[in-house]
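Peer 1: Predicted coordinates and the sequence they were generated for:
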Amino acid sequence: MLRRRRRAEEETAPSVVRGESPAPARTTGPWDADDDYPEAERVDLGGLRLPVGPGFEIQLSMAGDQVDGVIVLVEESALQVNVFAAPKRSGIWDEVRTELAREVVAAGGSAEDRDGPFGPEIAAEVPAQGQAQGRQPVRYLGVDGPRWFLRAVVSGRAAVDPEAARTLEDVVRGIVVVRGDEPMPPREAIQLRLPAEARQAMEEQQQGARQEEFRPFERGPEISEIR
């Protein structure tokens, strides 16, 4: 009787449903727009807010008529940042990292996985472009966020000099990604845009004489386009 009663009690006992544990709060950037991120001077580029500092030059890369990325130039170093849509429940950096390494090797370069300040990254050497000979060092960084993925490419001195790299790594840490609520297929680029004052300056520039340099800000960073 005791065995039967115990078995019956086990069968009728309510089951315990374990809910999914909440995602841990971010302690460092890049940040999501919904995070409680620290205040800083940033340029609003629509899909992301980019921290700026003295001596920074900012260029926007274009895909047709759309802004698809941003490049930060500091002394002898460069940081290129692109943001993409990602699945809601999984990151894509592991997959993208494998593809990037394969492409670098296929192009005649070398690629090696290593641990970096944002997790796994690629330390690569890619064939030099233009009139330069040999290979040039490049670092590929990736960060999976909530429904977005950020890819950063570090080149120039910062690819090999930790002191120079720290400045660009701090830029990545200060970025705020504005994903938006609209549905987007994974890996689709999150579109960026010129700040309002920069768009106005560009319109005025197009109406007047063509100038060699475009500097919409009174001080600090410079924004230009590259195609």
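Peer 2: Arrived safely. Small disclaimer: the values here were computed from a predicted structure and weren't measured.

Peer 1: Please count neighbours and contacts with C-alpha atoms only from this point.
Peer 2: Fine.

Peer 1: Look up how far Val143 lies from Gly116.
Peer 2: Remark: distance between Gly116 and Val143 (C-alpha to C-alpha, to the nearest Å) = 11 Å.

Peer 1: Kindly report the same for Ala123.
Peer 2: Taking C-alpha to C-alpha, one finds Ala123 at 16 Å from Val143.

Peer 1: now swap in Ala111 and tell me
Peer 2: 18 Å.

Peer 1: May I ask you to name the longest strand in the protein?
Peer 2: strand 135-145 (DSSP state E).

Peer 1: I'd like to know which helix or strand in this structure has the lowest mean pLDDT.
Peer 2: Of all helical and strand segments in the chain, the minimum by mean pLDDT, DSSP states H and E falls on helix 2-12, at a mean of 43.

Peer 1: which is the next helix or strand following that helix?
Peer 2: Per DSSP states H and E, the first helix or strand lying C-terminal to helix 2-12 is strand 31-32.

Peer 1: avg pLDDT for the next helix or strand after that following strand?
Peer 2: Where DSSP H and E defines the elements, the next helix or strand beyond strand 31-32 is strand 42-44. Strand 42-44 shows a mean pLDDT of 94 in the predicted model.

Peer 1: When Gly116 and Val143 are compared, which one has more neighbours?
Peer 2: Val143 (21 against 13; other C-alpha atoms under 10 Å).

Peer 1: Show me what the nearest residue to that one once chain neighbours are set aside bridges to in the sheet.
Peer 2: Nearest residue to Val143, sequence neighbours excluded (C-alpha to C-alpha, 6 or more residues apart in numbering): Leu150, at 5.2 Å. On the basis of DSSP bridges, Leu150 is bridged to Val83, Val143.
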